[in-house]
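Chemist: Just to be clear, the model below is a prediction. Sequence and coordinates:
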Amino acid sequence: MPFDLEYGRRVYDRTSRHPRLYALIRWSVCLGRESGLQQLAIDALNLQSGQTVLDLACGNGVNFKHLAAIIGQRGKIFALDYSTGMLANAQRHAASHGLPNFQFIHADAARVCLKPNSLDAALCTFGLSAMPGERHAIQNVARALKPGARFVVFDAKPFTGLARIWNPILGPFFARTQNWNPHKDVVKALRENFTQVNLRQFNSGCNFIAVAAKPAYSDSHK
């Protein structure tokens, strides 16, 4: 599998035309626990009313209503995705639910230019393990976060323990259908860019929530 940017875009553009299938895949990746794990990830952002949050690799906007319920009318969501099909679905989702204050960004997360120290939080669900250049994407997010802000990553990796017998079967399937790269070490990449990363694992290790916190001071104050 090439795991390259354009292949990933084509995969998610195709998937965007089948939202029920996409929802089923996400549900299966979480062994039926997606809703609860998603809420744990959003709670870990420690968002407040009126704040600004980045939804990196936003997909079809599955996080939007949960984020908007916290930040309210005065808050803002930057929604970024490289798939034009997914981003179009996300825009329709926001409009149909009357959600306010969005800025939609069609860009490669590894190359996007985000304003330094502008974000109160950032969230990425099932994105970093499927995108090329995840280390550069993490660096971009780290620069854009305000001091003390959090980057929460809810993602997937191969099973550990006895359940790892499924890895040779499921790995190639999700690689082909979701551009998922089972060889990526997303948590290691986070720890290379953040001094504090707390990790929780679920479902025999195949799901994890990593909370990376930027120090509560700027480099100029070191």
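Modeler: That came through, no problem. On a predicted model such as this, the values are computed, not experimentally measured, just so you know. Numbers count the residues shown, from 1 in each chain.

Chemist: Report the central residue of this structure.
Modeler: By Cα atoms, centre = their mean, the chain has its centre lying nearest to residue 124, at 1.5 Å.

Chemist: Output the longest strand along the chain in CSV with nothing but the alpha carbons.
Modeler: For the chain, the longest strand by residue count, based on DSSP state E, is strand 145-156. Extracted C-alpha coordinates of strand 145-156, given in CSV (Å, rounded to 0.1, in the frame of the first residue of the first chain):
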residue,chain,number,x,y,z
LEU,A,145,-2.0,26.0,20.1
LYS,A,146,-1.9,28.6,22.9
PRO,A,147,0.2,27.9,25.9
GLY,A,148,-1.6,25.4,28.2
ALA,A,149,-3.8,24.2,25.4
ARG,A,150,-4.5,20.6,24.5
PHE,A,151,-4.3,18.4,21.4
VAL,A,152,-6.5,15.3,21.8
VAL,A,153,-6.1,12.4,19.4
PHE,A,154,-8.6,9.6,19.3
ASP,A,155,-7.3,7.0,16.9
ALA,A,156,-6.7,3.3,16.1
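
Chemist: Need the mean per-residue confidence for it.
Modeler: What strand 145-156 shows for mean pLDDT is 97.

Chemist: and what of stretch 12-24?
Modeler: Mean pLDDT, stretch 12-24: 94.

Chemist: Now do that stretch: everything it contacts.
Modeler: Residues from elsewhere that reach stretch 12-24 (Cβ atoms under 8 Å, 6 or more residues apart in numbering): 25, 59-60, 81-86, 88-89, 177-179. Glycine gets a C-beta too; all of them are placed from N, C-alpha and C.

Chemist: how far is the helix or strand harbouring residue 42 from where the chain is centred?
Modeler: Using DSSP states H and E, residue 42 falls within helix 34-44. Mean-position distance between helix 34-44 and its chain equals 12 Å (Cα atoms, centre = their mean, to the nearest Å).

Chemist: CA atoms of that helix as PDB?
Modeler: The C-alpha coordinates for helix 34-44 follow below in PDB (Å, rounded to 0.1, in the frame of the first residue of the first chain):
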ATOM      1  CA  GLU A  34     -17.500   5.000  19.300                       C
ATOM      2  CA  SER A  35     -20.000   7.300  20.900                       C
ATOM      3  CA  GLY A  36     -18.600   6.800  24.400                       C
ATOM      4  CA  LEU A  37     -15.000   7.100  23.400                       C
ATOM      5  CA  GLN A  38     -15.700  10.100  21.300                       C
ATOM      6  CA  GLN A  39     -17.300  11.800  24.300                       C
ATOM      7  CA  LEU A  40     -14.200  11.000  26.400                       C
ATOM      8  CA  ALA A  41     -12.000  12.600  23.800                       C
ATOM      9  CA  ILE A  42     -14.100  15.700  23.600                       C
ATOM     10  CA  ASP A  43     -14.300  16.000  27.400                       C
ATOM     11  CA  ALA A  44     -10.400  15.800  27.500                       C
END
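
Chemist: tell me the angle of the following helix or strand past it relative to helix 34-44?
Modeler: Per DSSP H and E, the first helix or strand lying C-terminal to helix 34-44 is strand 52-56. Angle, strand 52-56 to helix 34-44, by axes from the mean of the first three to the mean of the last three Cα atoms, to 10 degrees: 140 degrees.
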